[in-house]
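Q: can't give you the sequence, but here's the structure:
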C-alpha cells in the first residue's frame, strides 16, 4: 500500500479547509439574505396577537391567511396591479428595446460628439432622480419641445403645451427617448455585449444590402437574447419597485402597488388589541410585502437560470 507523501496530505488538508470555509461563508451569507423573507412569511401567517408571543417566533401555534385578505383590501390590489402593469411594466419593456437601439449606436458607429454623449451617459448613472424631480414635475405640466410651443404662446397667446401630469406618459415618454429609470445602466449593459458581437455578422448583412436599421433588427437584436434576459429582469424589477416618481407625478386615481405599499397604514386597534404608538401593524405589512414581491419573484424563478448565464456571458464588469 502506497502512503501519501506529507506534501500531498498538506495539500489535501489545505483544500479541505478552504472548502469548509467556503461552505461556512456561503451558509452565513445565504442566511443573512434569506432571513428577512422567512421572517416575513412567518409573520404574515400569524394572528396579530401571536406577533407579541415571544415563545413562538418562527413556527406559529395557529396559522391564518386572513392577513392576506386584509392586505389585499388595503393595497386595493387588483386595480393597483393593473395600474402597475399598464404604467411601469409597459415602460420597462419600451426601455428594453429603446436602450438596445441606443447602445447599438454607441457601440457600432462613430459620430460627432460621441465622447461628450458617452460622458453624459456615464453622468446619468450617478445623478439620482430626486435631484431633477422638481423640474420633471414642472415640465410634465407644460410639456414643450425646445421651447417652441412657449414661443408660440408668447407671440400669439395660444398655449399649445400639453399637461401630461398624472398620466401614463410621465413614464412612457422617458422610456421612449431612452432616459427612463436607470436607462444609463441598461444602455451600458447592452454596450458591453455589442462590443463583443462579431463584426463579420454585420459585414455580411451590409454585403447583402441591409442598412443599419435592418441589420440591428434582423442581426444584432436576435443575437442578443442572452443580454436581453438580463435587461428584462433588471428593468422589470427597477420599475416594479419605483415609488418616488409615481408618488410625485400621480396624485389622483389608482396608484401603482409600489406607492400603495409605501403608504400603507392600518388602524392602531385590531381585534381589540392595542398595537402601540406605531401607525402600521407589522403582520399586515408582512402580508402586503409578500403580495408585492410575489410576481417579480415568480418571474425571477422562471428566468433565473438564463439570468445567471447571461450575467456570466455579458461580463458586467468595470
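A: Alright, I've got the coordinates. No experiment lies behind these values; they were computed from the predicted model shown.

Q: in the longest helix seen in the chain, what's buried?
A: In terms of residue count, the longest helix belonging to the chain (DSSP state H) is helix 6-44. Of the residues in helix 6-44, those with enough neighbours to count as buried (16 or more other C-beta atoms under 10 Å) are 40, 42-44. Every residue, glycine included, has its C-beta placed from N, CA and C.

Q: What is the subsequent helix or strand relative to it?
A: Once the chain leaves helix 6-44, the next helix or strand it forms, by DSSP states H and E, is helix 66-75.

Q: Which strands or helices does that following helix pack on?
A: Other elements packing on helix 66-75 under the criterion 3 or more C-beta pairs under 8 Å, 6 or more residues apart in numbering; DSSP states H and E are helix 257-262, helix 282-314.

Q: which of these is buried the deepest?
A: The highest mean neighbour count among the helices and strands packed on helix 66-75, using mean count of other C-beta atoms under 10 Å, belongs to helix 257-262: a mean of 21.

Q: what's the offset of that one from the middle of its chain?
A: With C-alpha atoms, centre = their mean, to the nearest Å as the basis, helix 257-262 stands 15 Å off its chain's centre.

Q: and that helix, what other elements does it pack with?
A: Contacts defined by 3+ C-beta pairs under 8 Å, 6+ apart place helix 257-262 against helix 66-75, helix 77-84, helix 225-241, helix 244-249, helix 282-314.

Q: With distance to residue 143 and mean pLDDT as extra columns, can I get those in CSV?
A: Output for those, formatted as CSV (distance: least, C-beta to C-beta, whole Å; pLDDT from 0 to 100):
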stretch, distance to residue 143, mean pLDDT
helix 66-75, 31, 82
helix 77-84, 21, 88
helix 225-241, 21, 87
helix 244-249, 12, 75
helix 282-314, 31, 77
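
Q: give me every residue that touches residue 239.
A: Contacts for residue 239 were tallied using C-beta atoms under 8 Å, 6 or more residues apart in numbering; they are 88-89, 91-92, 95, 171, 181.
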